[in-house]
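Novice: build me a model from this:
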Amino acid sequence: MKIKLKDILKEEEGLNPSEKFALKEVGEQIVQTHKRLNELLFKYMTGLKKYHSKHKDNPSVAKKIYDLWNHIKGNYYYTTKQAAGRYMLPFEKQYKKLVEGVISEAKYPFDKVKVGTQITYQMGVVYIVTQLYPGGFLMKIYKSGNNPGMFAPKARIEKDNYESQVKVGLIKKVS
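Specialist: As a prediction, the model looks like this:
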């Protein structure tokens, strides 16, 4: 019998909203990470094919490249697992509270956000809310913080996204 995450999340009893949120958030991140790894592995395999074609005049190098390509193709699961190791450490750090089930309800409720509210993200970036609309708001950057090129000058935030960012700790302060 297959058990699906969406079936567990539909259950009325047993899991509180924070636990449901944690399961859903971590599940989504795992799926996104897996898709990214598949995409990178496909690009890598394509590159190996090109290198093999390019080095056909050197049979020793061409054979080694072909053997590597064949090994990866035959050991897809192992290769993906190896690649995942590199990406999982940042994931585990960011979502440690979710994985351990230590997450609490949002410190900064969505209904408290008004025009003029300042939202401080990690790295000292501060946005100011410029417009409210049903189910979300628009904001623009107020202070660029430590890494100015990393954040968009304007952003549209939906209620679910806002609550998710608060719960996982991306939003540090709302005032």
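Novice: any idea how this structure splits into domains?
Specialist: According to automatic domain parsing, the chain comprises the domains 15-100, 110-174.
Novice: what helix or strand does residue 20 sit in?
Specialist: Here residue 20 sits within helix 17-54, counting by DSSP states H and E.
Novice: chain center to that helix, what's the gap?
Specialist: 11 Å (CA atoms, centre = their mean, to the nearest Å).
Novice: which of the residues in it are buried?
Specialist: For helix 17-54, burial by neighbour count (16 or more other CB atoms under 10 Å) applies to 18, 20-26, 29, 33, 37, 41, 48, 51-52. All C-beta atoms are positioned from the backbone trio N, CA, C, and that covers glycine.
Novice: show me where this protein has its helices.
Specialist: Ranges of helices in the chain, per DSSP state H, are 5-10, 17-54, 59-74, 76-94, 96-100, 159-167.
Novice: weakest of these by average pLDDT?
Specialist: When the helices of the chain are compared by mean pLDDT, helix 96-100 comes last with a mean of 51.
Novice: point to the residue nearest the middle of the chain.
Specialist: Centroid-nearest residue in the chain, with CA atoms, centre = their mean: residue 29, separated by 5.0 Å.
Novice: distance from the centroid: which residue in the chain tops it?
Specialist: residue 57 (42.9 Å).
Novice: quick one: pLDDT of that residue?
Specialist: We have a pLDDT of 89 for residue 57.
Novice: need phi/psi at it.
Specialist: Main-chain torsions, residue 57, degrees, to the nearest 10: phi -70, psi -20.
Novice: one step back: distance to residue 110 for the helices of the chain - can I get that in TSV?
Specialist: Shown next, in TSV, are the helices of the chain (distance: least, CB to CB, whole Å):
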stretch	distance to residue 110
helix 5-10	20
helix 17-54	14
helix 59-74	46
helix 76-94	21
helix 96-100	19
helix 159-167	5
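Novice: contacts only, for the spatially closest residue to residue 135 that is not a sequence neighbour.
Specialist: Nearest residue to residue 135, sequence neighbours excluded (CB to CB, 6 or more residues apart in numbering): residue 159, at 5.3 Å. Residue 159 sits next to 110, 135, 136 when contact means CB atoms under 8 Å, 6 or more residues apart in numbering.
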